[in-house]
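Q: Task: produce atomic coordinates for the following.
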Amino acid sequence: MERNTTQYKGKYYPSWHGSPFDRGSADSYYQRGEDPHYWPEGTYKGLRVEANEMTPEEIEAYNAGFQWNESMQNFKEW
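A: A predicted model of the protein is given here:
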């Protein structure tokens with residue numbers, strides 16, 4: 001198993017800072033709603049990759065990150 005991965009529903013997803021899984025979990029945490037994207041160079045570094053530029057696997061990872069956080073009900077308290 002690689003470093004910076006998270007297991008969800010029997011599958012391992014890369015979860016480095018800025019990855020699709022990481023951004024999905026962050027959107028859930030901040031209760032921003034689903035908006036598939038990621039930052040290949042790290043969050044807020046370089047160019048943001050939008051949903052229409054993502055592979056099906058990257059969108060799956062984003063959605064898994066979002067659902068993973070939702071299942072834990074780990075939300076920012078404002």
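Q: The residue lying closest to residue 42 once chain neighbours are set aside: neighbour count?
A: Nearest residue to residue 42 in three dimensions, chain neighbours excluded: residue 18, at 4.3 Å (CB to CB, 6 or more residues apart in numbering). The way it works is simple: take the backbone N, C-alpha and C, and place the C-beta from them, glycine included. By the criterion of other CB atoms under 10 Å, residue 18 has 20 neighbours.
Q: Is residue 18 in a helix, a strand, or coil?
A: coil (DSSP: H, G, I helix; E, B strand; the rest coil).
Q: I figured it hits residue 37, correct?
A: No. Residue 18 lies out of contact with residue 37 (CB atoms under 8 Å); the separation is 9.8 Å.
Q: mind listing the helices in this protein by residue range?
A: With DSSP state H, the ranges of helices along the chain come out as 20-29, 56-72.
Q: neighbouring contacts of the shortest one?
A: Looking back up the chat, that one is helix 20-29. By CB atoms under 8 Å, 6 or more residues apart in numbering, the residues outside helix 20-29 that reach it are 6, 8, 13-16, 33-39, 43, 54, 58-59, 61-70, 74-76.
Q: Filter these down to the buried ones, PyMOL style.
A: To isolate the buried ones among these in PyMOL, judged by 16 or more other CB atoms under 10 Å, type:
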select buried, resi 6+8+13+14+15+16+36+37+38+39+54+58+59+61+62+64+65+66+67+68+69+70
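Q: Could you measure from residue 15 over to residue 24?
A: 10 Å (CB to CB, to the nearest Å).
Q: between the two, what contacts are shared?
A: residue 65.
Q: Where does pLDDT dip in the chain?
A: 1-2 (pLDDT under 70).
Q: still on that earlier bit, may I see the helices of the chain arranged in a markdown table, with distance to residue 48 as well?
A: Shown next, in a markdown table, are the helices of the chain (distance: least, CB to CB, whole Å):
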| stretch | distance to residue 48 |
| --- | --- |
| helix 20-29 | 9 |
| helix 56-72 | 12 |
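Q: my read: residue 12 touches residue 19, true?
A: No. Using CB under 8 Å, residue 12 makes no contact with residue 19, being 12.0 Å away.
Q: Okay then, goodbye and thanks.
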